[in-house]
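could you look at this predicted model? Sequence included:
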Amino acid sequence: MTDSKYFTTTKKGEIFELKSELNSDKKEKKKEAVKKVIASMTVGKDVSALFPDVVNCMQTDNLELKKLVYLYLMNYAKSQPDMAIMAVNTFVKDCEDSNPLIRALAVRTMGCIRVDKITEYLCEPLRKCLKDEDPYVRKTAAVCVAKLYDISSSMVEDQGFLDQLKDLLSDSNPMVVANAVAALSEINEASVSGRPLVEMNAPTINKLLTALNECTEWGQVFILDALSNYSPRDAREAHSICERITPRLAHANAAVVLSAVKVLMKLMEMVSADTELVSTLSRKLAPPLVTLLSAEPEVQYVALRNINLVVQKRPDILKHEMKVFFVKYNDPIYVKLEKLDIMIRLASQANIAQVLGELKEYATEVDVDFVRKAVRAIGRCAIKVEPSAERCVSTLLELIQTKVNYVVQEAIVVIKDIFRKYPNKYESIISTLCENLDTLDEPEARASMVWIVGEYAERIDNADELLDSFLEGFHDENAQVQLQLLTAVVKLFLKRPADTQELVQHVLSLATQDSDNPDLRDRGFIYWRLLSTDPAAAKEVVLADKPLISEETDLLEPTLLDELICHISSLASVYHKPPTAFVEGRGAGVRKSLPSRGVVAEETNTQQPTVIPNQESLIGDLLSMDIGGPPPAPAPSSNVDLLAGGLDVLLGGGPEPGASAAAVPGGASGLLGDIFAVSAAPASYVPPKQCWLPADKGKGLEIWGTFSRQNGQPRMEMTFTNKAMQPMTGFAIQLNKNSFGVYPVGGLAVGAVGAGAGAEAALPLATHGPVQRMDPLNNLQVAIKNNIDVFYFACLIPAHILFTEDGQLDKRVFLTTWKEIPAANEVQHTLSNVVGTADSIAQKMTLNNIFTIAKRNVEGQDMLYQSLKLTNNIWVLLELKLQPGNPEATLSLKSRTVEVATCIFQAYEAIIKS
């Protein structure tokens with residue numbers, strides 16, 4: 001007989017009937033009544049009026065009835081807390097029952113009832129159950145500790161439950177160990193201190209590894225996740241752990257496999273790359289990852305998202321497995337697109353022929369979205385694998401000949417990128433592209449074609465006619481097409497001024513007088529002013545050399561990738577975002593990242609920062625502080641995460657403010673300032689020039705240089721002196737990849753330098769180029785070329801050159817941010833020989849984009865609270881403590897990215913002494 005009958009009754013006076021049945025003397029009738037109550041509760045009926053009657057049914061030896069009553073209690077205890085107290089005695093009694101199932105059931109239910117009054121009575125039964133002789137009760141109690149911590153963290157710490165949980169890690173039963181690990185991990189993640197409450201050590205790890213072989217699959221996942229948070233003391237211990245975890249790769253459960261991959265990926269960072277262990281593990285990791293692709297599509301997708309991270313970190317692991325990522329005809333579209341992405345990441349000179357053959361075939365499929373991605377993939381292969389670029393271009397031309405509209409449009413978009421990557425190499429195909437001009441109807445394709453026509457106008461005889469045809473429907477075009485048209489016509493005018501004067505006047509008129517798009521109008525006015533005032537400057541700006549595009553623009557930033565590797569087999573690895581980006585209401589938690597190669601874990605005793613005497617009272621009063629300097633800027637928009645952590649932000653910053661004008665040479669800034677009546681700002685600190693390249697190393701060329709920031713743009717200022725016996729010509733400069741993505745805008749404006757002569761040069765810089773972590777962080781490697789040789793040197797970028805003009809936080813945002821950044825992320829520095837008052841220092845700092853949010857006097861000491869923002873969107877909060885008459889001051893820095901502290905302290909000291 002089924003239980004469906006309990007869901008079908010709708011009699012009048014049902015509550016009354018149930019009440020009488022619940023108070024019946026017959027056990028069977030009572031059990032039937034409780035089942036009816038649970039059924040009503042399940043379908044959404046309110047049966048809370050029966051609370052006292054259901055609680056009376058707890059006094060029974062029948063396990064089934066007790067389970068039903070406990071289920072009712074969990075549901076209604078929160079709305080009836082006073083009545084729930086009636087059940088406490090029964091809970092306490094059941095925790096000492098002879099039946100272990102009842103003991104476990106009682107402690108589990110008490111943990112699920114989130115009522116403070118009941119929580120107080122839970123401690124003693126829970127303490128006993130944690131030491132219970134039955135492992136089932138102990139493993140249930142372990143999870144209950146984590147639930148109690150969520151209700152009252154202070155109670156768990158005060159009552160010593162954390163120590164009891166740690167003791168359970170040594171339990172003889174593997175399931176108890178697994179549940180203890182799961183509970184401790186949950187508590188660590190819920191910790192608001194930002195530091196692990198439970199530190200793992202070598203003996204504990206050894207016990208976990210022993211239990212690993214005997215656990216259920218989910219127990220193994222919990223233990224592997226805990227192991228992933230442990231940093232071995234040395235490479236030998238890392239080697240030993242790897243050997244004991246490797247068998248988990250053969251497990252049938254995908255979660256266990258991915259958790260094992262996560263631990264091994266982290267441990268591989270602990271040993272040198274050239275050791276046999278790394279090559280062995282790389283070989284062993286490939287088969288289990290490939291096996292995951294034979295599962296159902298949903299599991300395949302999760303596996304592919306994780307494999308994408310592994311391939312970005314260690315492409316060698318799957319470099320021989322290209323074929324398993326070839327798309328099958330019956331794959332869902334989400335699997336196809338992921339496989340396509342991984343194929344491009346694994347593409348190399350060795351397999352490019354195979355990859356191109358596949359991609360060409362995909363471009364003839366019926367799924368339009370997939371075909372578009374396949375065509376784009378061919379372009380990405382051309383950019384990534386240089387020797388195959390010609391072959392990729394030929395393939396794209398073949399696809400254009402098919403005359404399939406969406407294929408042609410995607411091909412034109414990627415060909416534009418190929419032109420950018422390989423200038424003056426494939427321009428012979430422009431005529432073929434122009435034949436398809438009339439068929440283009442998508443904004444991105446039209447914009448790409450317009451860019452090509454404008455960029456190579458001197459090679460296209462009828463460029464003016466082509467652009468004029470676009471202008472006929474100018475106001476109906478998409479904004480990006482309009483912007484490209486404006487720039488393309490100006491380029492054409494600068495290249496062929498005699499033929500195109502009417503055309504440029506027409507487009508400038510359309511952009512400035514007839515358009516309501518502010519971006520288009522602004523660009524139109526700037527071009528108009530440049531062309532009418534100084535055509536030579538306009539030519540330098542509009543026709544400046546463009547930086548080559550990078551090989552793969554969609555790679556994750558290195559430290560974000562490292563963090564995601566630590567989250568393999570979780571949602572973060574599927575979203576490719578850190579947990580803080582999509583989990584709401586999460587505390588500061590413990591941020592994960594891969595260890596530096598060859599660096600072993602060290603026990604460090606971090607001293608608590610003492611810059612802010614009484615943090616709760618002093619920072620809590622921040623909102624009532626006197627404000628020094630200008631009124632606060634509005635709070636950053638919601639899409640700026642002030643706490644977005646780590647070097648994933650440091651190494652991936654977006655364009656800095658003012659970067660759109662990056663190519664404007666020194667003279668042009670005056671024109672723009674004149675247009676908008678901008679007065680000159682007070683000068684920021686410029687360090688004295690240093691000798692970057694001595695004459696003996698530069699074959700007679702001596703370079704002295706410094707950095708400055710003008711009109712929101714960093715600049716490199718250099719003095720070239722020719723101490724050789726012959727003239728020097730053909731100067732060019734190149735900057736290596738660096739931590740902040742700094743690269744030169746335009747060429748080096750240095751003409752011929754005669755023997756014994758000198759020359760000055762100011763090179764504008766932008767900060768959204770290729771990124772590579774340097775040591776020290778602000779190190780910049782430079783190559784200067786002239787007619788004699790190529791010379792290499794390195795210099796340090798003063799950090800204040802990278803402070804942006806929008807670095808002023810609102811007081812409330814500052815207060816919230818200061819409190820949310822963990823204490824472990826606070827660094828102190830002592831400044832010596834400080835001269836000046838708090839006000840004069842605040843004014844000096846404001847000139848260098850270090851903004852004073854608040855000022856306060858505490859016990860005779862001046863406290864300045866300041867904020868700054870680096871060009872890559874890292875926010876830094878500062879507190880300066882000054883004692884009048886004392887030449888020493890204490891500077892405290894808080895940031896999610898404390899790696900920037902050293903260079904910021906150096907810049908602060910230089911500014912304060914300037």
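Good, I have the coordinates.

where do the strands of this structure begin and end?
Using DSSP state E, the strands of the chain run over residues 690-693, 701-710, 713-722, 732-735, 743-744, 758-766, 779-785, 790-796, 826-831, 851-858, 861-869, 875-882, 889-894.

just send those strands back as TSV, with mean pLDDT and mean neighbour count too.
For every residue, glycine as well, the C-beta is placed using N, CA and C. What follows is the strands of the chain, written out as TSV (pLDDT from 0 to 100; neighbours: other C-beta atoms under 10 Å):
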stretch	mean pLDDT	mean neighbour count
strand 690-693	92	17
strand 701-710	92	20
strand 713-722	92	21
strand 732-735	90	15
strand 743-744	90	19
strand 758-766	91	18
strand 779-785	90	17
strand 790-796	90	15
strand 826-831	89	18
strand 851-858	86	20
strand 861-869	89	24
strand 875-882	90	23
strand 889-894	90	22
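
columns distance to Val583 on top of these, output as a markdown table?
Output for the strands of the chain, formatted as a markdown table (distance: least, C-beta to C-beta, whole Å):
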| stretch | distance to Val583 |
| --- | --- |
| strand 690-693 | 47 |
| strand 701-710 | 38 |
| strand 713-722 | 36 |
| strand 732-735 | 38 |
| strand 743-744 | 36 |
| strand 758-766 | 34 |
| strand 779-785 | 36 |
| strand 790-796 | 38 |
| strand 826-831 | 24 |
| strand 851-858 | 29 |
| strand 861-869 | 25 |
| strand 875-882 | 21 |
| strand 889-894 | 23 |
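
so which of those strands gets nearest Ile418?
Evaluated with C-beta to C-beta, these place strand 743-744 nearest to Ile418, the distance being 20.8 Å.

show residues contacting the closest one.
547, 716, 733-735, 763-767, 769-770 (C-beta atoms under 8 Å, 6 or more residues apart in numbering).

so what's the residue nearest to Ala783 when sequence neighbours are not counted up against?
Sequence neighbours aside, Gln734 is the residue nearest to Ala783 in space, at 4.6 Å (criterion: C-beta to C-beta, 6 or more residues apart in numbering). By C-beta under 8 Å, 6+ apart, the contact set of Gln734 is 744, 782-783, 785.

gap between Gln734 and Gln781?
To Gln781, Gln734 is 9 Å away according to C-beta to C-beta, to the nearest Å.

go on, Phe222?
46 Å.

repeat for Lys35
Note on Lys35: its distance to Gln781, by C-beta to C-beta, is 76 Å.

ok, Val450 next?
Val450 is 37 Å from Gln781, by C-beta to C-beta.

next one: Asn62
Counting by C-beta to C-beta - Asn62 and Gln781 are separated by 78 Å.

check Leu483 too.
Leu483 is 35 Å from Gln781, where distance means C-beta to C-beta.

okay, buried residues for stretch 80-96 please.
Residues of stretch 80-96 classed as buried: 80, 83-84, 87-88, 90-92, 94-95 (neighbour count, 16 or more other C-beta atoms under 10 Å).

now do stretch 161-168
The neighbour-count check on stretch 161-168 (16+ other C-beta under 10 Å) flags 161-162, 164-165, 168 as buried.

got JSON lines for those, with distance to Glu386 and pLDDT too?
Listed next are those as JSON lines, based on distance: C-beta to C-beta, whole Å; pLDDT from 0 to 100:
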{"residue": "Phe161", "distance to Glu386": "61", "pLDDT": "83"}
{"residue": "Leu162", "distance to Glu386": "57", "pLDDT": "84"}
{"residue": "Gln164", "distance to Glu386": "61", "pLDDT": "85"}
{"residue": "Leu165", "distance to Glu386": "56", "pLDDT": "84"}
{"residue": "Leu168", "distance to Glu386": "57", "pLDDT": "86"}
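
from those residues, which land in helices?
When the buried residues of stretch 161-168 are checked against helices (DSSP state H), the matches are 161-162, 164-165, 168.

just those residues now: which is nearest Asn857?
Nearest to Asn857 among those is Leu162, at 41.7 Å by C-beta to C-beta.

surely the closest one and Ile187 touch.
Yes: here Leu162 reaches Ile187: they are 7.3 Å apart, a contact under C-beta atoms under 8 Å.

what's the separation between the closest residue to Phe474 other than its chain neighbours and Arg521?
Leaving out its chain neighbours, the residue that sits closest to Phe474 by C-beta to C-beta, 6+ apart is Leu510, at 5.1 Å. From Leu510 over to Arg521 the distance is 10 Å, taken as C-beta to C-beta.

these two: which is more packed in?
Leu510 (19 against 15; other C-beta atoms under 10 Å).

tell me the contacts of Glu214?
Applying C-beta under 8 Å, 6+ apart to Glu214 gives the contacts Pro174.

in terms of pLDDT, where does it sit?
With respect to pLDDT, Glu214 scores 84.

measure it to Arg138 for me?
Distance from Glu214 to Arg138, by C-beta to C-beta: 15 Å.

got it, and Arg248?
With distances taken as C-beta to C-beta, Arg248 is found 25 Å from Arg138.

could you do Ile333 as well?
Applying C-beta to C-beta, the value for Ile333 to Arg138 is 48 Å.

which of the two has more neighbours?
Using other C-beta under 10 Å as the criterion, Ile333 and Arg138 rank with Arg138 on top: 24 against 11.

which residues does Lys78 contact?
Counting by C-beta under 8 Å, 6+ apart, Lys78 has contacts 113-115.

please repeat the previous calculation with a cut-off of 7 Å.
By C-beta atoms under 7 Å, 6 or more residues apart in numbering, the contact list for Lys78 reads 114-115.

what of Leu440?
Leu440 makes contacts with 409, 446, 449, as judged by C-beta under 7 Å, 6+ apart.

spatially nearest residue to it (excluding sequence neighbours)?
Arg446 (4.9 Å).

can you name the residues bridging to the closest residue to Gly756 other than its chain neighbours?
Leaving aside its sequence neighbours, Gly756 sits nearest to Asn722 (C-beta to C-beta, 6+ apart; 6.5 Å). Per DSSP bridges, the residues bridged to Asn722 are Leu701.

what distance do you get for Asn722 to Gly747?
For Asn722, the distance to Gly747 - C-beta to C-beta - is 19 Å.

how about low-confidence regions in the stretch 1-150 of the chain?
Scanning the stretch 1-150 of the chain for pLDDT under 70 picks out 1-2, 5-6, 8-13.

all helices of it, in order?
For the stretch 1-150 of the chain, the helices defined by DSSP state H, counting those that start in this stretch occupy 14-22, 27-42, 51-56, 63-76, 81-84, 88-94, 100-112, 116-130, 135-151.

which strands and helices sit next to the second one?
It refers to helix 27-42. helix 14-22, helix 63-76 (3 or more C-beta pairs under 7 Å, 6 or more residues apart in numbering; DSSP states H and E).

take the helices of the stretch 1-150 of the chain and write them to JSON lines, including distance to Glu826.
Shown next, in JSON lines, are the helices of the stretch 1-150 of the chain (distance: least, C-beta to C-beta, whole Å):
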{"stretch": "helix 14-22", "distance to Glu826": "59"}
{"stretch": "helix 27-42", "distance to Glu826": "50"}
{"stretch": "helix 51-56", "distance to Glu826": "50"}
{"stretch": "helix 63-76", "distance to Glu826": "42"}
{"stretch": "helix 81-84", "distance to Glu826": "41"}
{"stretch": "helix 88-94", "distance to Glu826": "44"}
{"stretch": "helix 100-112", "distance to Glu826": "36"}
{"stretch": "helix 116-130", "distance to Glu826": "34"}
{"stretch": "helix 135-151", "distance to Glu826": "26"}
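
least confident secondary structure element in this protein?
Ranking every helix and strand in the chain by mean pLDDT, DSSP states H and E puts helix 646-650 at the bottom, with a mean of 32.
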